[in-house]
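**Q** here are the coordinates; sequence isn't available:
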């Protein structure tokens, strides 16, 4: 398969996995992503553009990890998938760190959550410097979300407030 066809297949399959996840068919989303990651799809993309292949593979891993989280998979397995997604360009890496932060926080691991979100925030700020138009607006929104996450992370849990 040529790289253009492989990238088109990646986009179609990622959309299919995303639709499955949106319909709460998390196991189906995980299986679609797993099939994408274990096939030759990213090798075919890399033949023409290695950076695009890394980005596409990381996008798939972030979606897979998100579906795994909602499917109540083991924490360590989800972290492993997200750590693999960190081998990506900054535009995708920021999403992997954001998702990693949310995962850590949901398992009451505040320090790793804070660290991951701070890394996300650093990437967002760096990307925003050269972004324009809609990309810049999206990065500004991501920055607000990251700052809000860090602010909320600093607050005590409701059960701790009553003590």
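**A** Structure's in. What do you need? Everything quoted here is computed from the prediction, not taken from an experiment.
**Q** Spell out which residues sit in contact with the nearest residue to residue 5 once chain neighbours are set aside, please.
**A** Nearest residue to residue 5, sequence neighbours excluded (Cβ to Cβ, 6 or more residues apart in numbering): residue 44, at 7.7 Å. Every residue, glycine included, has its C-beta placed from N, CA and C. Counting by Cβ atoms under 8 Å, 6 or more residues apart in numbering, residue 44 makes contact with 1-3, 5-6.
**Q** Residue 69 now?
**A** 78, 102-103, 106.
**Q** try it again with 10 Å
**A** 26, 75, 77-78, 81-82, 99, 102-103, 106-107 (Cβ atoms under 10 Å, 6 or more residues apart in numbering).
**Q** Please identify which of those residues is nearest to residue 10.
**A** residue 81 (16.9 Å; Cβ to Cβ).
**Q** now this structure, which segments are flagged as low pLDDT?
**A** 155-163 (pLDDT under 70).
**Q** same thing but at 80, please
**A** Along the chain, the model assigns pLDDT under 80 to residues 3, 154-163.
**Q** just how off-centre is stretch 125-142 within its chain?
**A** Remark: stretch 125-142 is offset 17 Å from the chain centroid, using Cα atoms, centre = their mean, to the nearest Å.
**Q** got a list of contacts for it?
**A** 89-91, 93-95, 98, 120-121, 123-124, 143, 146.
**Q** Now render the residues you listed as TSV, adding secondary structure.
**A** Below are these laid out as TSV (DSSP: H, G, I helix; E, B strand; the rest coil):
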residue	secondary structure
89	coil
90	helix
91	helix
93	helix
94	helix
95	helix
98	helix
120	helix
121	helix
123	helix
124	helix
143	helix
146	helix
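**Q** before we move on, the earlier item: of the contacts of residue 69, which belong to helices?
**A** 26, 75, 77-78, 81-82, 99, 102-103, 106 (DSSP state H).
**Q** Restricted to buried residues, select those residues in ChimeraX.
**A** Restricted to buried positions by 16 or more other Cβ atoms under 10 Å, the ChimeraX selection for the ones in helices among the contacts of residue 69 reads:
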select :26,78,81,82,99,102,103
